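Asks: show me the folded form of this:
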Amino acid sequence: MEPNTLNIPVLALRGLTVFPHTNLTFDVERRISIKAQEVAMETGQEIFLVTQREIGVEKPTEKDLYTMGTVSRVTQILRLGKSSLRVMVEGGRRACLRRLWQTEPYLQGHVELVEENAGVSNTPRTEALLRQTCGLFQDYAQLAGNVAEEVTATVLDSQDPGFLADFIAQNTALRYDDKQAILEELSPLVRLRKLNGFLARERDVLSYERQMEGKVRDELAQQQKEQILRTQI
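Replies: Model (predicted):
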């Protein structure tokens, strides 16, 4: 087997995406998922985290999984009950699923590590793209209202387009298919441009939601005022 090919446990994620060089905590309940995590932890192996194409599929096969995922390391497992685990993972490198050769008692497959594009030179165009990203992210964070301060600090300090795209995608409420599109893009600048498109859309959606919530509040306040006046009369 090639040095860049691994034979490791596979965990199918539903509605989640794990990016390289980021940490994520999530719960697993399916028997095959619990077993895959336990085997990886007990044997010291890495685990391949890959997103399902359809969330509702209970017993995924190879055709139910995206090809691109992340080879990751399980750093902590907390048992919540007989049929649930809370898992903390550290994303490592992008990889492609070449073959899912085992589905019971847990998923196991051959994955090939992906060589990402080289670093990006610091040009005015790159700087402009980074500034656009920071501006869009700050707008999103202000509207969302639930972005941790340390996430914002990391975004504002980073000058690496590839890492920045991955980090923001991991820490924002983008749709999982949008996150998958970011994960599958190997060019750092193209990845960041894609992310900016998603952030602009989410910013606009959140802005419209705020406007609609404001209209509803105003209408309720007016109705209450009219009700009070009718009662007084």
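
Asks: burial count for residue 115?
Replies: Using other CB atoms under 10 Å, residue 115 is surrounded by 10 other residues. Just so you know, the C-beta spots here come from the backbone N, C-alpha and C atoms, and that holds for glycine as well.

Asks: and it, how far is that from residue 23?
Replies: Going from residue 115 to residue 23 by CB to CB, to the nearest Å gives 23 Å.

Asks: check contacts around residue 23.
Replies: For residue 23, the contacting residues are 75, 88, 89, 90, 91, by CB atoms under 8 Å, 6 or more residues apart in numbering.

Asks: now, among those, which is nearest to residue 11?
Replies: Closest approach to residue 11 among the contacts of residue 23 (CB to CB): residue 89, at 8.8 Å.

Asks: what sits against that closest one?
Replies: The contact partners of residue 89, by CB under 8 Å, 6+ apart, come to 18, 23, 24, 25, 26, 47, 49, 72, 73, 74, 75.

Asks: could these go into a markdown table alongside distance to residue 102 and pLDDT?
Replies: Converted to a markdown table, these look like this (distance: CB to CB, whole Å; pLDDT from 0 to 100):
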| residue | distance to residue 102 | pLDDT |
| --- | --- | --- |
| 18 | 21 | 96 |
| 23 | 27 | 93 |
| 24 | 24 | 93 |
| 25 | 26 | 94 |
| 26 | 22 | 94 |
| 47 | 14 | 96 |
| 49 | 16 | 97 |
| 72 | 19 | 96 |
| 73 | 21 | 94 |
| 74 | 18 | 91 |
| 75 | 24 | 91 |
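
Asks: buried subset of those residues as a PyMOL selection?
Replies: Paste this into PyMOL to select the buried members of the contacts of residue 89, with burial taken from 16 or more other CB atoms under 10 Å:
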select buried, resi 18+24+26+47+49+72+74
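
Asks: I am finished for the moment; much appreciated.
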